[in-house]
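In: fold the stuff below for me.
(chains A and B)
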Amino acid sequence: MRHPHRTARLALALVACTVIVAACGSSSSKSSGTSTTAAKKAAAATPAKLVGTFGITAADCTAGAPTAGSYFRMVQSGGTLAAGPFVANADSPCGDKTYTGVTPGTDGGLENGKFQPQPADPFDATKNGVAAAITQPSKFYAVGFALSTNPKDPATGAALQPPQITVDASGKLSGQISALNVAWNGQQFSQGSPKPDGSRPGITADPTGTYDAKTGKYTLEWASQVVGGPFNGFTGSWHLEGTFTKS
Amino acid sequence: MLGLGLVAAPFAFRMFSRAPAGGEMIDQFRPYMTTAKIGGFQRDMAEIDRAATEARAELPARLGLTPAQVAAQYPTYADFDRRWPAINADMTDMLATMRADIPKFEAVDALPPFPLFPWFFVVPGALIAAASAWGLVRVRGKRSRFPAAIAVGVLGLGLIAAPAVFQMFTRAPLGGQMIDDFKPLMTRTRVERIQGYFLVIGSGEGTLRTAIVPAATARAGTTAFPAIARFSADFPAISNRMAPMIGAMSDNVDNYDAVKALPPFPLFPWFFVIPGVLVAGLALVAARRDRPGPTGTTRETAPTASAAAGTPIPTPSGGIS
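Out: Predicted structure coming up:
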C-alpha cells in the first residue's frame, strides 16, 4: 500500500539533491573572490571586543531632562522603562528630578574587560558609597551612591566576569555588565545585567548601544531590577554616553 | 509506628524548608526587635512630624504663596504634605505593634534554632523506631524485649520533657501571637506601601532642603526653620536606619509565609508530649509484660518452678491450667 508514496518521495529527494549539487557546482565555478567576500562578511558579523574605557560625559540636564550625557533613573515597581513611573530624586542636579546625572570618576568611566572594584571599606561614616573610579558618587535621597565592578558580588559573594561589551560591524554594542554594583546607604545593590546568577528578572535588560569607530562616540544603556532590600522590585535604568578610548 | 510517624511529620509539614525560613526571618529581624531600635524609629517619626507641621504652618507665608501655590510649585513636597498624616499613623501603628511584640520575639528567639526543629522530630522518631525494631528482633530471638522497652520508655519520657526543658509551653504560644500580630504587616502589598512611604518622605525632605527652604530664605532673609533643619540634618541617619529595616521586611515576606504555613506554634509542645506519653505508656506496658524472669528469659516464656515440677498452676478464675 505504501510503495507508491515511497517512490514519489525518493524521486523528490533525487530532484532536490540534483538541484543542490548543480547549485554548488555553479557556485564553485565562480571566482575565488566570492569566498573571500563571504569570509570578510562572516568576520564582520562577529562582534569585536572593545579594549579600553567607555569615557563618561556628565549629563547636561539643568533645564530638565538630559539633552546629552550620562544618567540614571529608577523605575518604580511594576513600571516600564519607557513610561515609568520613575522615582524623583530631589538631590539630582537635573531639572527633571526623575533623572540623576552622573559625572566621570577617577578612571574617566567604565573600563571594558577589567574590574574597577570598590574599596575594602565601601562606605563612609554616614553610609555614603565612596567608590569613585567609574563615576563620582552621586546623591540619591541624601545619601551618595557609588558604582564599581567587582570580581565577587558584594551582596552574594558570587564570582563574576568583568564587563564585556562588544561591537558589531554596524556599530551596535552588546554584551554583559553583570559585575556592576551600587553601594548606597550601607547596602549593596547588583545593578548589572544579566544579574550575578545569570537571570534577568522583571524588566532587566542587557547592555545595548551604539559606537562610532571613527569618533569613539558611544551610548550604552541597560536596566537592572533590584532583587531584595528596600528597593525590591524597582529597576535601575542606566544610560552612559561619551567617548570610548582604546587602551 | 509512632517513631515512624515522628520521622514523617517534618516531611508532611515541609519543615525542612519552612523552619530554616523562619530561622532566617528571626535572624534578620533580630537587629530591629529591640526597644532601643524601635524607640529610635519612633523618635524619627516624631521628628519628621515636627518638620511636617512646621513646614505646613510656616512655609507658605515665608514664600509669599498660598498653600495651593506651594503645592503647584513643589509637587513632591505637596505629595509629602498631603500623605504624611496617613503615613505617620500607619508607621506609628506598625512600630507600636513591633514594640509590643519584643517580648514575644525574644521568647521565640530563645527557642532552639529553627533549622533544628525538624530534627527534633526525626531524631527521636528514628531512635524510637530503632529501639522498637530492636525489641522485635529480640522477641523473635526468644529473648527478653525488656531492655528495648526501657529504651523506648526513656525516649518517650525525653519527648515529654523536651517542651518543658525548652520552655515551649510559654514561648511557643508567644511565638504564635507574634505571627498573628505580624500578619497585617508582612504582606507584599503592605511592604510595598512602606517602600513608597520611604520615597515620599525622602522626596519631601529633599525638596524642602534643596528647593523650598533656600527659596524661603532668599525671599525673607535669614529664616530659621528649626524643625525642618533638624530633619534635613538627620535625614541621612534616618535613611540609614529606615532603608535596611524596609529591606528586612521586604526580604522576609516569603519567609513569614513559610512560618505561617507551619502548624500553629501553640501546638508545638503537644507534638512532643502526646507522642511521648503514648510511647512511654506503651513501653511501660511492654516492660511490665516482659520483665525478665529469674533465669533471664521473659516472664511470659519463663517456666515457673511449679510448672517445671509438673504441678498444675491455678488460674485467677480458679481453674487449672
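In: run through who's touching the helix or strand where residue B:130 lies.
Out: Element membership of residue B:130, judged by DSSP states H and E, is helix B:117-140. Residues outside helix B:117-140 that contact it (CB atoms under 8 Å, 6 or more residues apart in numbering or on different chains) are B:2-10, B:15-16, B:19, B:22, B:112, B:144-145, B:147-149, B:151-152, B:155-156, B:158-159, B:162, B:271-272, B:279, B:286. (C-beta placed from N, C-alpha, C; glycine too.)
In: using PyMOL, make a named selection holding only the buried ones among those.
Out: Selecting only the buried entries of the contacts of helix B:117-140 in PyMOL, with 16 or more other CB atoms under 10 Å in any protein chain shown as the criterion:
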select buried, chain B and resi 2+3+6+7+9+10+15+19+22+144+145+147+148+149+151+152+155+156+158+159+162+271+272+279+286
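In: filter the contacts of helix B:117-140 down to the ones close to chain A.
Out: By CB under 8 Å from any CB of the partner chain, no member of the contacts of helix B:117-140 lies near chain A.
In: the contacts of helix B:117-140 in helices, which ones?
Out: Applying DSSP state H to those, the entries found in helices are B:2-10, B:15-16, B:19, B:22, B:147-149, B:151-152, B:155-156, B:158-159, B:162, B:271-272, B:279, B:286.
In: find the nearest non-adjacent residue to whichever residue of chain A sits closest to chain B, please.
Out: Of all residues in chain A, the one sitting closest to chain B is residue A:90 (2.3 Å; CB to the nearest CB). Counting by CB to CB, 6 or more residues apart in numbering or on different chains, residue A:90 lies nearest to residue B:206, which is 2.3 Å off, once chain neighbours are set aside.
In: what's the answer for residue B:258, then?
Out: residue B:21 (3.7 Å).
In: now swap in residue A:68 and tell me
Out: Nearest non-adjacent residue to residue A:68, counting by CB to CB, 6+ apart: residue A:60, 4.7 Å away.
In: what about the one you found, how many residues close to it?
Out: 14 (other CB atoms under 10 Å in any protein chain shown).
In: these two touch, right, it and residue A:70?
Out: No - the pair residue A:60 / residue A:70 is not scored as a contact, 10.0 Å apart, by CB atoms under 8 Å.
In: check which residues of the helix holding residue B:130 are buried.
Out: Within helix B:117-140, judged by 16+ other CB under 10 Å, the buried ones are B:117-122, B:124-125, B:127-129, B:131-132, B:134-135, B:138-139.
In: chain B contacts on chain A?
Out: Residues of chain A that fall close to chain B, judged by CB under 8 Å from any CB: A:76-77, A:87-91, A:97, A:126-128, A:141-143, A:185-187, A:228-234.
In: so which of those residues sit within strands?
Out: Among the residues of chain A next to chain B, DSSP state E puts A:76, A:77, A:143, A:187 in strands.
In: of these, which is the most crowded?
Out: residue A:143 leads these on contacts (other CB under 10 Å) with 24 neighbours.
In: got the contact list for that one?
Out: Residue A:143 is in contact with A:126, A:127, A:128, A:129, A:184, A:185, B:236, B:239, B:240, counting by CB under 8 Å, 6+ apart.
In: what are the phi and psi values at the nearest residue to it once chain neighbours are set aside?
Out: Counting by CB to CB, 6+ apart, residue A:143 lies nearest to residue A:185, which is 4.6 Å off, once chain neighbours are set aside. Phi and psi for residue A:185, reported as degrees, to the nearest 10, are phi 60, psi 40.
In: burial measure for residue B:43, as a count.
Out: Residue crowding around residue B:43 was assessed by other CB under 10 Å; the count is 12.
In: residue contacts, it?
Out: Listed by CB under 8 Å, 6+ apart, the contact set of residue B:43 is empty.
In: can you pull the pLDDT of the residue nearest to residue A:143?
Out: If you check residue A:185, the pLDDT there is 93.
In: one more: residue B:282?
Out: On the pLDDT scale, residue B:282 gets 81.
In: can you point out the buried residues in the one helix or strand it maps to?
Out: Using DSSP H and E, residue B:282 sits within helix B:268-289. Across helix B:268-289, burial judged by 16+ other CB under 10 Å covers B:268-273, B:275-276, B:279-280, B:282-283, B:286-287.
In: and whichever residue of the stretch 151-300 of chain B sits closest to chain A, what is it in contact with?
Out: Using CB to the nearest CB, the closest approach of the stretch 151-300 of chain B to chain A is made by residue B:206 at 2.3 Å. With contact set as CB under 8 Å, 6+ apart, residue B:206 has these partners: A:89, A:90, A:91, A:141, A:142, B:76.
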